[in-house]
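Compute the structure for the input listed below.
(chains A and B)
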Amino acid sequence: SQTIHQWPATLVQPVGSPLSLECTVEGTSNPNLYWYRQAAGRGLQLLFYSVGIGQISSEVPQNLSASRPQDRQFILSSKKLLLSDSGFYLCAWSGGPAYEQYFGPGTRLTVT
Amino acid sequence: AQSVTQLGSHVSVSEGALVLLRCNYSSSVPPYLFWYVQYPNQGLQLLLKYTSAATLVKGINGFEAEFKKSETSFHLTKPSAHMSDAAEYFCAVSLSGGYNKLIFGAGTRLAVHP
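Reported below is the predicted structural model:
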């Protein structure tokens, strides 16, 4: 069966510091991968998606970037965090015919 | 273009009462539709999905949803609420055109009181 991992689970970082969040998927190959952000009390915002190694599409212009160095690895990064980057970051994968997405446990990021 | 509207950002029910969470969609093509649940500080969990087979879809935890094309609705129901159902629920529609992107509604927070 497929499993999706995210780490770290929680992170507190000062403004201006770099960021690296990692997501890995097990039990499937060539998945589509996604990064979402949930700000406090708000819905899901799609940040990036990837259909293959090195292929990244950005949904919104922002202070973040994403990379996919391996088939089942998806990384979210920032060179300098802003206060507005605080939120709950979710990674997801899809690969089935019904296009459903399966989510990881999330990373709670607090920028101070 | 596809879109999803969830009516009611907060719904409160008594334990044992009917749960009804409303979702309306807009899609130019037959959609795939989904309901997800999110418990505090956790990721989203797929409750159920509609993929153009049966219009009444049964999911986990006793939830079900009915696809009504004439009403462009996909409401989520559960006959008897349990305290453990308290969570946030998201309706989503697949975005045609590739890459398996989903369009999510704004979410409905369900509270269950004794």
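
Surely A:G95 and A:N32 touch.
Yes - between A:G95 and A:N32 there is a contact under Cβ atoms under 8 Å: 6.5 Å. Every C-beta, even on glycine, is put in place using the N, C-alpha and C of the backbone.

Need the residues touching each of the two.
Overlap of the contact sets of A:G95 and A:N32 (by Cβ atoms under 8 Å, 6 or more residues apart in numbering or on different chains) consists of B:N100.

what does chain A put close to chain B?
Chain A has residues A:6, A:32, A:34, A:42-44, A:46, A:49, A:51, A:57, A:88, A:90, A:92, A:94-95, A:97-106, A:108 near chain B, with proximity defined as Cβ under 8 Å from any Cβ of the partner chain.

now with 10 Å?
Applying Cβ under 10 Å from any Cβ of the partner chain, we find that chain A lies next to chain B at A:4, A:6, A:9-10, A:31-32, A:34, A:36, A:38, A:41-46, A:49-51, A:55, A:57, A:59, A:88, A:90-106, A:108.

Got a ChimeraX select line for the buried ones in the residues you listed?
In ChimeraX, this line selects whichever of these come out buried by 16 or more other Cβ atoms under 10 Å in any protein chain shown:
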select /A:4,6,31,32,34,36,38,43,44,45,46,49,50,88,90,91,92,93,94,95,98,99,100,101,102,103,104,106
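
Of the residues of chain A next to chain B, which belong to helices?
Per DSSP state H, helices hold no members of these.

Now, the residues of chain A next to chain B that are in strands?
A:4, A:6, A:10, A:32, A:34, A:36, A:38, A:44-46, A:49-51, A:55, A:57, A:88, A:90-94, A:101-103, A:108 (DSSP state E).

For chain B, give me its nearest residue in chain A.
Relative to chain B, the nearest point of chain A is A:F103 (3.7 Å; Cβ to the nearest Cβ).

how near is that residue to B:G105?
16 Å (Cβ to Cβ, to the nearest Å).

Then A:C91?
If you measure A:C91 against B:G105 using Cβ to Cβ, the figure is 20 Å.

can you check B:P31 too?
In terms of Cβ to Cβ, B:P31 sits 13 Å off from B:G105.
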